[in-house]
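Peer 1: could you look at this predicted model? Sequence included:
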Amino acid sequence: MNSDPFGERWSRAPLDASAVRDWLARYPPAAGAGWWPEPQLMATTPSTNIELAALLATGWQPEGTCVVAEHQSAGKGRQGRGWESPAGAGLWLSVVINIAEVAPAHRGLLPLAAGLAASDALSEATGLAVLLKWPNDLVIDGPARGGAPGPRKLGGLLVAAGSQAIVGCGINVGAQVDELPTPAATSLALEGATEVDRGQLLAAVLWHLRRRVDQWRTGVGLIDDYRERCLSLGRQVEVTLPGGEVLVAVATGVSADGQLVVADLQGNIRSVAAGDVIHATI
């Protein structure tokens, strides 16, 4: 982690549509197909997921339809928690993904595929070892500020499924300590990464998302790739289940359908389909 507690101040110039197009053009089309629709750039919105949900309410939208905002006033993460999004300090976007042709049993793997895509993009653009806390928090291994338990969270994803899915992604790029909600939150700047154009990061996230979505549809190698990237495996965890139960266990695996497999303190094996995971200190 960067020894400077306030990090290096990164540019907060608004994303430029022309520059984003140039960055996108540097990537080859995925699977021989053309690019997704050009991202729509917005100055501010309550939430990019809300923007796309309103658009989907008017009818079917092309896959890859994307909204990117400089600022969100009411972004939400899991458990309904607010998502901090200072203007120009991060990358906040949502993307439409078609799910109709995917078997219902495999649709639950989309959040894992999306997490892998964001991890791919950040590692490629910055050289940082960006890992995943189950299911799709983007993290850096190690303690948080002030010696608080880690890992350090760079961002996360939230997938909302309907007739079409919405993949929402938030990444702390140039955010400073006083702009982050907890000691466990971090940013690329605070991690000491060399400054990266946010347009480049946007292009990388979209290209890798398309690649991982193609992999999700075939199913080939996705879970193996995820297991290699998942920092939770082998760790003692505390899982808050949707009903409020807190499960203390060791994460031992990820099932073929994306559930977290854990062994509780009595040795019982359980599979968790949804829950809020904290890496516990041992």
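Peer 2: Yes, it's here.
Peer 1: where in the protein is pLDDT low?
Peer 2: 1-8, 30-34, 75-84, 281-282 (pLDDT under 70).
Peer 1: go through the helix or strand harbouring His106 and flag the buried ones.
Peer 2: Assigned by DSSP states H and E, His106 falls within helix 104-107. By 16 or more other Cβ atoms under 10 Å, the buried positions in helix 104-107 come out as His106, Arg107. (Glycine included, C-beta is placed from N, CA and C.)
Peer 1: likewise for stretch 161-179?
Peer 2: Under 16+ other Cβ under 10 Å, the buried positions of stretch 161-179 are 164-177.
Peer 1: before we move on, the earlier item: following the helix holding His106, which helix or strand shows up next?
Peer 2: Following helix 104-107 in sequence, per DSSP H and E, is helix 110-126.
Peer 1: distance between that next one and the chain's centre?
Peer 2: 7 Å (Cα atoms, centre = their mean, to the nearest Å).
Peer 1: which residues touch whichever helix or strand comes after that helix?
Peer 2: Per DSSP H and E, the first helix or strand lying C-terminal to helix 110-126 is strand 131-133. Applying Cβ atoms under 8 Å, 6 or more residues apart in numbering, the external contacts of strand 131-133 come out as 115-116, 119, 138-141, 151, 153, 226, 229-232, 277, 279.
Peer 1: could you identify which of the residues you listed has the most neighbours?
Peer 2: The most crowded member of the contacts of strand 131-133 is Gly115, carrying 29 neighbours; neighbours defined as other Cβ atoms under 10 Å.
Peer 1: now that residue: how far from Pro149?
Peer 2: Separation of Gly115 from Pro149 (Cβ to Cβ, to the nearest Å) stands at 21 Å.
Peer 1: likewise Asp214?
Peer 2: 36 Å.
Peer 1: could you do Ala114 as well?
Peer 2: From Ala114 over to Pro149 (counting by Cβ to Cβ), the distance is 25 Å.
Peer 1: just Val20 next, same as before
Peer 2: 37 Å.
Peer 1: more neighbours: which of the two?
Peer 2: Val20 (21 against 12).
Peer 1: once you drop chain neighbours, what's closest to the more buried one?
Peer 2: Of all residues not flanking Val20 in the chain, Gly199 sits nearest, at 4.5 Å (Cβ to Cβ, 6 or more residues apart in numbering).
Peer 1: same check on Ala89?
Peer 2: Ala175 (4.3 Å).
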